[in-house]
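>>> Need coordinates for the following:
(one chain, ligands or ions: 1)
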Amino acid sequence: MLKRLLPFVLFVCLSCHLAAQVQPIVIETDHTALVLTVGGNQRLLQSYLGRKLVAGAYPGGGREAYLTAGMDNQFEPALRMVHNDGNASLELKYVSHSVVKNGDVSETSVLLKDPVYPVEVTLHYAAFGASDVIKSWAVIQHREKRPVMMTQYASSLLHFNADAYWLTQFHGDWAREVNIVEEPLTNGIKTIESKLGTRTNFYQTQAFLLSLNGKSTETAGELIAGTLAWTGNFQYTFEVDQRNGLRMRSGINPFASEYYAAPGEIFTTPAFIFTWTDQGKGQASRNLHRWARSYGVLDGKERRLTLLNNWEATHTSFDEHRLVELFDEGKKLGVDLFLLDDGWFGNSFPRNDDKAGLGDWQEDKKKLPSGLGYLVKEAAAKGIQFGIWLEPEMVNPKSDLYRQHPDWILKLPNREEHYGRNQLVLDLVNPQVQDFVFNIVNDMMTKNPGIAFIKWDCNRSMTNAYSPYLKEKQSHLYIDYTRGLYKVMERIRIKYPHLPIMLCAGGGGRTDYGALKYFTEFWPSDNTDGLERVFIQWGYSYFFPSNTISAHVTSMGKQQSLKFRTDVAMMGKLGYDIRVNNFTPVELAFSREAVKTYQRISDVVWQGDLYRLVSPYDEPRAVLMYVSGDRKRAILYNYLLQTRRKDIFGRVKLEGLDPQKKYRLREINLLPDTKSAQPDNDKVLTGEYLMQVGLNLAPGRITPLSSNIFELTEE
Ligand code: DGJ
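Next up is the predicted model:
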């Protein structure tokens, strides 16, 4: 990053020689400061993390910013290195630092060196002013004669001194992702991690909230929200010591991953992205969303495509006639794109279920005798764009690829193969495999330049993994696999910089900012039941803006009305995966109008500030709203869940509006020929009233699994 910015920046080198002369290193955003100082022993200390002080007089002292192992530190280190002589000690002393400013972003780099061994570490901190986000990572290098072994190489280490710590984690499994649990941290180490290799978010989402002193609410309390930009094994440790100090470490999970760094090799850790706030969880989310749209997600400020996917409607049973019919269904709905899912490829081993075909990315001649080109053209003729599903990292044993390239597959040479969804993972460490995966996309796009969207799936994690390419360096597998994936994505993005690609991993198995800089959106879960999705989308909303959270209306959750399922999908990035031809005329009319409404309000939903007003974890309802940057428009969502007779709901006070402005409240997305039951519908109310008095969002009889969407527009 530094290199890329150089031509445009004012370069300020603040290098100092004597520790005593080094001024505090202040890493600042608009409201936050992280302050580093150099101690008497020339070690770098974290002296402060919190609200930016106007006078800028920060405390000194503190704990070592990037703890090493083997000397005086007895806690979890950020870095542990075994030198060529077998000595496992490391001491890092401050040498110099520099700051590079580029608009809203300022990047501080602090160079540290070991006085005895030729090892240097540069700690990088990119501070994003307006979004109050700090991104931190480390670059490790040495000049010993032979490789050094590293058994820990954290991205960041942060210290906290609070009375209590409350950790919110997001864990789950297939079809029940991101369940929220908030618990106090006690003495010892709490770890959140993945060892899955691929699809690594499957059980634990790699994001957390850490509240200081007490639990924070949506609107109050001090906390950090953090997430690691890495699509491989990750690890967070929260170590509370004997004096109630907390060390929070983030990085690649070193499990089974001793890393042998060659002399001169530059080992760059992934970035830990975090925001600090004393304004509660809502502000933390808004900070991350704002950052993500500008810096974290591919084309985060651009339009997204609404789509009709065929997975739930057809699975792998279709032919080209059926697909062309589905184009008509998409057109009828008014969506931008038709997305052809799994099952379109394979000839020696046709992909008629999940047991065969992965790896053979040629159109199935029986199902698609006229090829993909025909489908792209037919779609265009019908006025709809065409997108396609791929799972390029995988292979089924029943495939030509498996027979032709057994050496391209991650599997133990001397043990039985172990499958997940009947498939194996390709050895993406191998540059030939990287070429193969790149060419799946490149060949397809070259032959069919009209393809407008890709869904990139990844349906299994690693087991019995062994890289034929790495030979005796197997402990590099997990890291080099992820690097291999990034190399492929880099190449794809150089050639196809703006092609929308959805990140999917058998539901929400990959949801991280390491990947999202190459992807426009992600698939949060295969569970598309509206009630479940309220919780799932709520969970992801803490870290990801709504334009990244794909939300499709399907026939799952049939006990819920189509209106409810649609209203739920409309809080994210709307799509459909349903048999439109089975809609009743009323349902079709409603859905066509819903797509139009969504297209009209999507700028607020995608780019606006999110306020979570009532959590489904607290009450049997969920209420949230998005407010446009200029506070002239807002979209309010109200979901009444599995309510009981005894439930009485209070008024809901809105947030984020301008108290001085007057807003017209209008219920939208109503079923044809129905009227709003909201007593304040179509009234003009002040922002002050809406935020101080609020709205009764459950007037009259409460109907479980019912929902409303309201639009507020400045008068
Ligand atoms: C898992 C994905 O999450 C689904 O949406 C679908 O694409 C299937 N894979 C296809 O195999």
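>>> hang on, V595 is in a helix, isn't it?
Yes: V595 forms part of a helix when assessed by DSSP: H, G, I helix; E, B strand; the rest coil.
>>> what's the closest non-adjacent residue to F535?
P616 (5.7 Å; C-beta to C-beta, 6 or more residues apart in numbering). In this view, the C-beta of every residue, glycine as well, is placed from N, C-alpha and C.
>>> S550 versus that neighbour, what's the distance?
With distances taken as C-beta to C-beta, to the nearest Å, P616 is found 20 Å from S550.
>>> Have a look at those two and say which one is more surrounded.
S550 (27 against 20; other C-beta atoms under 10 Å).
>>> Hmm, that one is touching S525, no?
No: if you go by C-beta atoms under 8 Å, S550 and S525 don't touch, sitting 9.6 Å apart.
>>> wait, L665 sits on L712?
Yes: with contact defined as C-beta under 8 Å, L665 counts as touching L712 (5.7 Å).
>>> Please tell me I have it right and G56 contacts V26.
Yes: between G56 and V26 there is a contact under C-beta under 8 Å: 7.0 Å.
>>> Compare these two and say which is more crowded by neighbours.
Each of G56 and V26 has its neighbours counted (other C-beta under 10 Å); V26 has more, 19 against 11.
>>> any idea how far the spatially closest residue to that one that is not a sequence neighbour is from T68?
Spatially, and ignoring its direct neighbours in sequence, V26 is nearest to V35 (5.3 Å; C-beta to C-beta, 6+ apart). For V35, the distance to T68 equals 21 Å [C-beta to C-beta].
>>> now swap in L574 and tell me
Taken as C-beta to C-beta, the span from L574 to T68 is 49 Å.
>>> try T198
Distance from T198 to T68, by C-beta to C-beta: 31 Å.
>>> who's more crowded, these two?
Remark: of T198 and T68, T198 carries more neighbours, 29 against 24, as counted by other C-beta under 10 Å.
>>> What parts of the stretch 601-715 of the chain come near the ligand?
For the stretch 601-715 of the chain, the contact set with the ligand under C-beta under 6 Å from any ligand atom is empty.
>>> Going along the chain, name the strands of the stretch 601-715 of the chain.
Along the stretch 601-715 of the chain, the segments classed as strands by DSSP state E, counting those that start in this stretch run 609-614, 621-627, 633-640, 662-668, 684-686, 706-714.
>>> Now the fifth one: buried residues?
Meaning strand 684-686. Across strand 684-686, burial judged by 16 or more other C-beta atoms under 10 Å covers 685-686.
>>> What parts of the stretch 401-550 of the chain come near the ligand?
Close to the ligand, as judged by C-beta under 6 Å from any ligand atom, the stretch 401-550 of the chain has residues 457, 459, 504, 506-507, 523, 526.
>>> Would you format those residues as a markdown table with secondary structure and pLDDT included?
Converted to a markdown table, these look like this (DSSP: H, G, I helix; E, B strand; the rest coil; pLDDT from 0 to 100):
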| residue | secondary structure | pLDDT |
| --- | --- | --- |
| D457 | coil | 98 |
| N459 | coil | 98 |
| C504 | coil | 98 |
| G506 | coil | 94 |
| G507 | coil | 92 |
| W523 | coil | 98 |
| D526 | coil | 97 |
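>>> quick one: which of those has the most company?
Neighbour max across those (other C-beta under 10 Å) = C504, 28 neighbours.
>>> Identify the spatial nearest neighbour of it, chain neighbours not counted.
W523 (3.8 Å).
>>> Which residues are in contact with the one you found?
By C-beta atoms under 8 Å, 6 or more residues apart in numbering, W523 lies in contact with 455, 502-505, 507-508, 550.
>>> Output the residues you listed as CSV; include the columns secondary structure and distance to P270.
Output for these, formatted as CSV (DSSP: H, G, I helix; E, B strand; the rest coil; distance: C-beta to C-beta, whole Å):
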residue, secondary structure, distance to P270
K455, strand, 24
M502, strand, 22
L503, strand, 16
C504, coil, 21
A505, strand, 17
G507, coil, 23
G508, strand, 19
S550, strand, 24
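>>> Now the two most distant members of the residues you listed.
For those, the farthest-apart pair by C-beta to C-beta is K455 and G508; their separation is 13.6 Å.
>>> out of the two, which sits in the busier spot?
G508 (30 against 24).
>>> Residues in a beta bridge with the more buried one, which ones?
In this entry, G508 is beta-bridged to A505, by DSSP bridges.
>>> That one: what's it in contact with?
172, 177-178, 201, 205, 522-525, 536, 540.
>>> For G539, see how far away the residue nearest to F535 is.
Separation of P616 from G539 (C-beta to C-beta): 10 Å.
>>> For K135, name its beta-bridge partners.
Going by DSSP bridges, K135 forms beta bridges with A126, I273.
>>> That one is in contact with A271, isn't it?
Yes: between K135 and A271 there is a contact under C-beta under 8 Å: 4.6 Å.
>>> what touches both of those two?
With C-beta under 8 Å, 6+ apart, K135 and A271 have common neighbours 126, 229.
>>> Read off the pLDDT value for K411.
Here the pLDDT value assigned to K411 is 98.
>>> Now the residue nearest to C504: phi and psi?
The phi and psi values for W523, taken as degrees, to the nearest 10, are phi -100, psi 110.
>>> Moving along the chain from the one helix or strand H289 maps to, name the first helix or strand you hit.
H289 belongs to helix 280-291 when assigned by DSSP states H and E. Proceeding N to C from helix 280-291, the next assigned helix or strand is strand 307-309, under DSSP H and E.
>>> helices or strands next to that following strand in the packing?
helix 320-333, strand 337-340, strand 573-577 (3 or more C-beta pairs under 8 Å, 6 or more residues apart in numbering; DSSP states H and E).
>>> centre of the chain versus the shortest one, how much separation?
Offset of strand 337-340 from its chain centre (C-alpha atoms, centre = their mean, to the nearest Å): 23 Å.
>>> Parallel or antiparallel, which strands does that strand pair with?
strand 307-309 (parallel), strand 385-390 (parallel).
>>> and the longest one with helix 320-333, angle?
Between the direction of strand 385-390 and that of helix 320-333, the angle (axes from the mean of the first three to the mean of the last three C-alpha atoms, to 10 degrees) works out to 130 degrees.
>>> C-terminal to strand 385-390, what's the next element?
According to DSSP H and E, the helix or strand after strand 385-390 is strand 394-395.
>>> Identify the residues contacting the following helix or strand past that following strand?
Moving toward the C-terminus from strand 394-395, the next helix or strand (DSSP H and E) is helix 400-404. Here helix 400-404 makes contact (C-beta under 8 Å, 6+ apart) with 348-349, 358-360, 395-396, 408-409, 424.
>>> that older thread, closest one to G296 among the helices and strands packed on strand 307-309?
strand 573-577 (15.6 Å).
>>> Quick one: list the elements packing against the closest one.
Applying 3+ C-beta pairs under 8 Å, 6+ apart, one finds that strand 573-577 contacts strand 307-309, helix 311-314, strand 550-554, helix 585-607.
>>> Could I get the residues of the stretch 401-550 of the chain next to the ligand in JSON lines, plus columns for distance to P704?
JSON lines is the format used below for these (distance: C-beta to C-beta, whole Å):
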{"residue": "D457", "distance to P704": "34"}
{"residue": "N459", "distance to P704": "34"}
{"residue": "C504", "distance to P704": "31"}
{"residue": "G506", "distance to P704": "31"}
{"residue": "G507", "distance to P704": "26"}
{"residue": "W523", "distance to P704": "28"}
{"residue": "D526", "distance to P704": "24"}
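>>> Just give me the closest of those residues to D336.
Out of those, the member with the shortest distance to D336 (by C-beta to C-beta) is W523, at 17.4 Å.
>>> which ones are touching the nearest residue to K301 once chain neighbours are set aside?
Distances taken as C-beta to C-beta, 6+ apart place R293 nearest to K301, at 5.6 Å, with adjacent residues excluded. By C-beta under 8 Å, 6+ apart, the residues touching R293 are 300-301, 545, 547, 607.
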